[in-house]
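1. Provide a 3D model corresponding to the input given below.
(chains A, B, C and D)
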Protein chains: 2
Amino acid sequence: MKDVAARAGVGLKTVSRVVNGEPGVTADTERRVREAIGALGFRRNDSARILRKGRTASIGLVLEDLADPFYAPLNRAVEEVARDHGALLFNGSSAEDADRERELALALCARRVDGLIVIPAGHDHRYLEPEMAAGVATVFVDRPAGRIDADAVLSDNFGGARDGVAHLVAHGHRRIGFIGDRPTVHTATERLRGYHAAMDAAGLPADDSWISLGPTAPERVTAEAERMLTGPRPVTALFTGNNRVTATVVRVLARLPRPVALVGFDDLELADLLSPGVTVVAQDAARLGRTAAELLFHRLDGAGEEPRQVVLPTRLIVRGSGEVGP
Amino acid sequence: MKDVAARAGVGLKTVSRVVNGEPGVTADTERRVREAIGALGFRRNDSARILRKGRTASIGLVLEDLADPFYAPLNRAVEEVARDHGALLFNGSSAEDADRERELALALCARRVDGLIVIPAGHDHRYLEPEMAAGVATVFVDRPAGRIDADAVLSDNFGGARDGVAHLVAHGHRRIGFIGDRPTVHTATERLRGYHAAMDAAGLPADDSWISLGPTAPERVTAEAERMLTGPRPVTALFTGNNRVTATVVRVLARLPRPVALVGFDDLELADLLSPGVTVVAQDAARLGRTAAELLFHRLDGAGEEPRQVVLPTRLIVRGSGEVGP
DNA sequence: CTGAAAGCGCTTACAG
DNA sequence: CTGAAAGCGCTTACAG
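-> Numbering: from 1, shown residues only, chains lettered A, B, ... in the order given. Next up, the predicted model:
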């Protein structure tokens, strides 16, 4: 910028005016500055600008896995809102590891992102308190923050699971299995709560052997599904706790001679084309992302109200697999 | 930092040493500095650090659509490599719009990202020449750069499509349709070239009415598939140019009384569970991302060789739909 | 082992 | 309409 000013024979401030389109520069001066910018290949350094201005016009998104198709629409929705507000988006995966989540979130704070959207992997977010106190707007999404009071945007995991299981009950099932993610994952336990609520409401017992929470690795899920489907009192229907579990269970059921009822949490691509089509409780991932990002920018605009918890509805999509009788 | 130094009764440089873990500080001094950092809630400002040091330890990824499941594993692979190199990742979608691509890429350059990975939407990347000359390492992925000489990592679109169509020919088909993305998309025309190569190699004519390039909106793809499958000389097999087209055509074929052969470019989740399973030419999206990111950091480490074009192989996955006879 | 001075490349607040 | 000075929060290069 100093070189541009020298070449154009003007002061630094005049170059700054031209670069930022500020008024108060004659056409002739502006032309000389632009010529110098072109000749010297000048490009404004936003790092310096940021240092002086305070706000970085960037936000960070920490999610579980950038490669998980469930989070892709959420990611895009956050980006669109950020773009509407002139902000750039950093993002990264926690890989479901609390230490990695913290490391990433703090690295983003050190870059002085204006705000942070976090899909938590850990259960203790007190490490973010100094950052939040220093003004980093923070919104949690998909799962609530642990041990701090903060904004959160969630799906109605309890209600969605309850409705899905009630749907199976309505189709005559009395022995229904539940296979979900590890019990440390908030959504897994909420959905299990929904399962119990539906069984209780129907006056049905929920045998311990019908419930399995754990890693979503295909080997474990396959073994558990096969176990529940055999033995003296096999289940006649399964409720699966997320998209990865559902995909694996669909594969197990495809190998069986008789159809077994299935309702899954989360929608899947092509689920309508299987026979039978897979009945699911769908979340609106894009809406989760959009809502969280809008709340974040609302805070950035100075809204100092109490932390808010927003719960978005789920939707039961009937396609056939959930309507198979016992 | 000034406040920390004052409170600890030391100089600025000593605070800097403690914060960065540099040697040459007595245990007692370090303790006093740490106490002051804690009491004042000091957090190092990386914007200032970056301004002084030159490198920002961040890279940018411009892709077509963060929500497209095809790009999700690519995104994650880039992130992992960046993380291994201690860099943070910015990303954003061009939404297949050349202006938006340029706007985003230049915004990232203004933030002084060390490098840029671009899935191009436009066909003229001369706008990046000043940035590249100024030292921003740039690698294109999935499609080559337009009108500039630059590193690129691509799938073997030509060879993959040729093999897929040859597979249909080997199963007895003589009238094969091709439905792909718009002719402005590099991968679409390369795959069409592969189609022609396979037809020519088999001595088969390729009727113009069997070929359709255009938007991948379901309405258009459905209409084109139905048109090719009816009339006096209907095709007996279809080759689809990408994941979105394949998903739509699978829906069309599911409604037909007789099975029609299909091979698609790009793999789909659950494709193995449809009946018949969908035979595809699969790309390794994660490997595309990993290779591009590794090439980028190789350049950042000072490799000044000529721009390089890397072509990764595709893989034919046989599942049933491509083995249906005419 | 420790620190004062200069500077990274901008913008702010002011004066003319 | 234009510009000189100060400063954002760090690190670099030196000196002691």
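
2. which parts of the stretch 101-250 of chain A are helices?
-> When assigned using DSSP state H, counting those that start in this stretch, the helices of the stretch 101-250 of chain A occupy the ranges A:129-133, A:157-170, A:186-201, A:218-229, A:243-254.

3. give me the domain ranges for chain A.
-> A:2-44, A:56-155+A:285-312, A:157-283+A:316-323 (automatic domain parsing).

4. quick one: check the second one for contact with chain B.
-> Yes: interface with chain B: domain A:56-155+A:285-312 contributes A:56, A:58, A:65-69, A:71-73, A:75-77, A:79, A:83, A:88-93, A:107-112, A:130-131, A:133-134, A:286 (CB under 8 Å from any CB of the partner chain). All C-beta spots, glycine's among them, are computed from the backbone N, C-alpha and C.

5. are any of these buried, and which?
-> A:56, A:58, A:65-69, A:71-73, A:75-77, A:79, A:83, A:88-93, A:107-112, A:131, A:286 (16 or more other CB atoms under 10 Å in any protein chain shown).

6. which ones among these map onto strands?
-> A:Ser58, A:Leu88, A:Leu89, A:Phe90, A:Asn91, A:Gly92, A:Ser93 (DSSP state E).

7. and those residues, which is closest to DNA strand D?
-> When these are ranked by distance to DNA strand D (CB to the nearest atom of the strand), A:Ser58 comes first, at 16.4 Å.

8. check contacts around that closest one.
-> By CB atoms under 8 Å, 6 or more residues apart in numbering or on different chains, A:Ser58 lies in contact with A:Ala87, A:Leu88, A:Leu89, A:Phe90, A:Arg111, A:Val113, A:Asp114, B:Phe90, B:Arg111.

9. the fourth one - nearest residue in space that isn't next to it in sequence?
-> Ranked by CB to CB, 6 or more residues apart in numbering or on different chains and with sequence neighbours excluded, the top spatial neighbour of A:Phe90 is A:Gly60, at 4.4 Å.

10. the one you found is in contact with A:Ile117, isn't it?
-> Yes: applying CB atoms under 8 Å, one finds A:Gly60 in contact with A:Ile117, separated by 7.2 Å.

11. got the ones in strands among the buried ones among the residues of domain A:56-155+A:285-312 next to chain B as a markdown table, with distance to DNA strand C and pLDDT columns?
-> As requested, these are exported to a markdown table (distance: CB to the nearest atom of the strand, whole Å; pLDDT from 0 to 100):
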| residue | distance to DNA strand C | pLDDT |
| --- | --- | --- |
| A:Ser58 | 16 | 95 |
| A:Leu88 | 16 | 95 |
| A:Leu89 | 21 | 97 |
| A:Phe90 | 21 | 96 |
| A:Asn91 | 26 | 93 |
| A:Gly92 | 27 | 96 |
| A:Ser93 | 32 | 97 |
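
12. circling back: A:Gly60 and A:Ile117: who's more crowded?
-> A:Ile117 (30 against 25; other CB atoms under 10 Å in any protein chain shown).

13. quick check: mean pLDDT across stretch A:96-110?
-> Throughout stretch A:96-110, pLDDT has a mean value of 95.

14. the residue in the stretch 101-250 of chain A positioned nearest to DNA strand C - nearest residue in space that isn't next to it in sequence?
-> The minimum distance from the stretch 101-250 of chain A to DNA strand C, using CB to the nearest atom of the strand, falls at A:Arg112 (13.4 Å). Spatially, and ignoring its direct neighbours in sequence, A:Arg112 is nearest to A:Thr56 (5.0 Å; CB to CB, 6+ apart).

15. hang on, the one you found packs against A:Leu108?
-> No: using CB under 8 Å, A:Thr56 is not in contact with A:Leu108; the gap is 10.2 Å.

16. distance check, the nearest residue to A:Thr314 once chain neighbours are set aside against A:Val280.
-> Using CB to CB, 6+ apart and skipping residues adjacent in sequence, the residue nearest A:Thr314 is A:Gly160, 3.3 Å away. Distance, A:Gly160 to A:Val280, using CB to CB, to the nearest Å: 10 Å.

17. look at A:Ala223 and say how many residues are nearby.
-> Around A:Ala223 there are 13 residues (other CB under 10 Å).

18. can you give me the buried ones in stretch A:100-109?
-> A:Arg100, A:Glu101, A:Arg102, A:Glu103, A:Leu104, A:Ala105, A:Leu106, A:Ala107, A:Leu108, A:Cys109.
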